[in-house]
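Peer 1: Test case, fold it:
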Amino acid sequence: MSVLSYKDAGVDIEKGDALVEKIKARVSGTYGENVISGVGGFACLYRIAENKLLAAGTDGVGTKLKIAQILNKHDTIGIDLVAMCVNDILCTGALPLFFMDYLATGTLDTGVADDVIAGIIEGCTQSGAALIGGETAEMPGMYQNGEYDLAGFAVGEVAADRVIDGDKIAAGDTLIGLPSSGFHSNGYSLIRKLVGMNDRALLELCLIPTRIYKNAADAVLKKNGLANGMAHITGGGLLNIARMNTGFDYHITDMPQEGERPKVFDAVLNGSGIETAELYRSFNMGIGFVIATRDAEKTSTILMAAGEAPRIIGTVENGTGQVLLNGTVL
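Peer 2: Coordinates of the predicted model:
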C-alpha cells in the first residue's frame, strides 16, 4: 500500500483530537477556581497570585527518536524535547522558568544518557529555562536494546493582564510566520515511511533540532498589546493556527516554497504523491511559529531586530475556526 497520508503511516490526528475533547469533558468539572485554562490549549494556566499565572506544558519527541537511535546520534534530541514544551508555553505569553525531563530505557547506557542530557541542557540554555531535575527509569523488557523514550515538561510565568489567549484576535489581523529549521518533532511516523533508513545524509537532515522561539516571542511580548495570538506549529500542521481562537478563519496565502524552506522538506516530500492539503495538515512546511497582530509593520520590525526573518503568511477573517490555504480548506 502506498503511503499518502499521516493516517496511512499509522497516526490518526482526528482520533487524537477526539480523545482530547473527551478528556476535556471529563475533567472540566474538576477544575478549581485557580485553573484559568486546562486541557486542549497549547499550555495550561494556573493562578498563583492575583496578577501572576503559571503556564505548564508537557510533550515528547515522538518517533524522531528512531532517527537518533538509527544514527547513534543523541546530542541534539534533548533540544527537541525542550523546544516542544517551551514553544507551547510561549503561546500563552509566558516566559520559561524551569524544565524537567523523564528518560525511560530497558538498560541504561550512561554514554547515551549523557549525550541526551547535553542536548536538554542546550535547549534550556536557548530557552532561558533552568533544568531543575528529572527522572531516569530502567525497565527491562519494555524497550529493545538501544531504545529509549523521552518526555518533559516546562513551567513559565506570565502576568494575568499580559496573557495571550486569542481573545483579542479580530478580523483583519495579520498572520506573521517565523521560519522552522525543518520538520521539527512531528510527522516522523510518516517521514520514516518516505525516507530510506540507509540514507544517512538524509536522516541527518531529518535530525536537525526543533527551533526554540523564546527570543522572538520575548521581543514581541515586551510590547504589550502587539501580539493578539500565538501558535506553535506542531502535530496537525497549519491547523494549529486555528487553536488561537476558533471564532475566526485563517487565510494562508504565502507559505515558503521550494528553495525558500529548509531543503529537508523537498528532499523527503518531492515525488511522494502526498496531496498538498495533507502536507500542510501534517507538517509545518517551513513555518514553525505564527503570531497574529494588528500592526504587522511594527511586529515585523521588532522581529527582524531580534534576528528573525518574519514572513506575512496570511490574514484573519470572520469564520468558524477553519484554516484555508490559498482558498482551500485544510
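Peer 1: Spit out the contact partners of the residue nearest to the spatial centre of the chain.
Peer 2: Nearest residue to the geometric centre of the chain (C-alpha atoms, centre = their mean): Thr234, 3.8 Å. By C-beta atoms under 8 Å, 6 or more residues apart in numbering, the contact set of Thr234 is 84, 87-88, 184-186, 240, 284. No exception for glycine: its C-beta is placed from N, CA and C like everyone else's.
Peer 1: can you tell me which of those lies nearest to Glu33?
Peer 2: Asp88 (23.7 Å; C-beta to C-beta).
Peer 1: burial count for that closest one?
Peer 2: 26 (other C-beta atoms under 10 Å).
Peer 1: how much space is there between it and Leu45?
Peer 2: 12 Å (C-beta to C-beta, to the nearest Å).
Peer 1: repeat for Leu324
Peer 2: Remark: distance between Leu324 and Leu45 (C-beta to C-beta) = 29 Å.
Peer 1: of the two, who's got more company?
Peer 2: Neighbours around Leu324 and Leu45, counted as other C-beta under 10 Å, are more numerous at Leu45. The numbers are 23 against 17.
Peer 1: For beta bridges, what are the partners of the more buried one?
Peer 2: Legend: beta-bridge partners of Leu45 under DSSP bridges are Ser37, Ala55.
Peer 1: For it, give me the pLDDT.
Peer 2: If you check Leu45, the pLDDT there is 96.
Peer 1: Test my guess that it contacts Gly57.
Peer 2: No. Leu45 is beyond contact range of Gly57, at 10.4 Å (criterion: C-beta atoms under 8 Å).
Peer 1: The residue lying closest to Lys298 once chain neighbours are set aside: what's it in contact with?
Peer 2: Of all residues not flanking Lys298 in the chain, Leu226 sits nearest, at 6.6 Å (C-beta to C-beta, 6 or more residues apart in numbering). Neighbouring residues of Leu226 by C-beta under 8 Å, 6+ apart: 220, 293, 295, 298-299, 302.
Peer 1: repeat for Leu207
Peer 2: By C-beta under 8 Å, 6+ apart, Leu207 lies in contact with 64, 67-68, 71, 73, 76-77.
Peer 1: cool, Ile132 as well?
Peer 2: Ile132 sits next to 98-100 when contact means C-beta under 8 Å, 6+ apart.
Peer 1: can you list those residues in TSV and add distance to Glu138?
Peer 2: Output for the contacts of Ile132, formatted as TSV (distance: C-beta to C-beta, whole Å):
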residue	distance to Glu138
Phe98	25
Phe99	22
Met100	18
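Peer 1: Pull out the buried residues from those.
Peer 2: By neighbour count, with 16 or more other C-beta atoms under 10 Å, the contacts of Ile132 hold 99-100 as buried.
Peer 1: So Thr276 versus Ala231, what's the distance?
Peer 2: Distance from Thr276 to Ala231, by C-beta to C-beta: 20 Å.
Peer 1: Please say which of these two ends up with more neighbours.
Peer 2: Using other C-beta under 10 Å, the more surrounded residue of Thr276 and Ala231 is Ala231, with 27 against 12.
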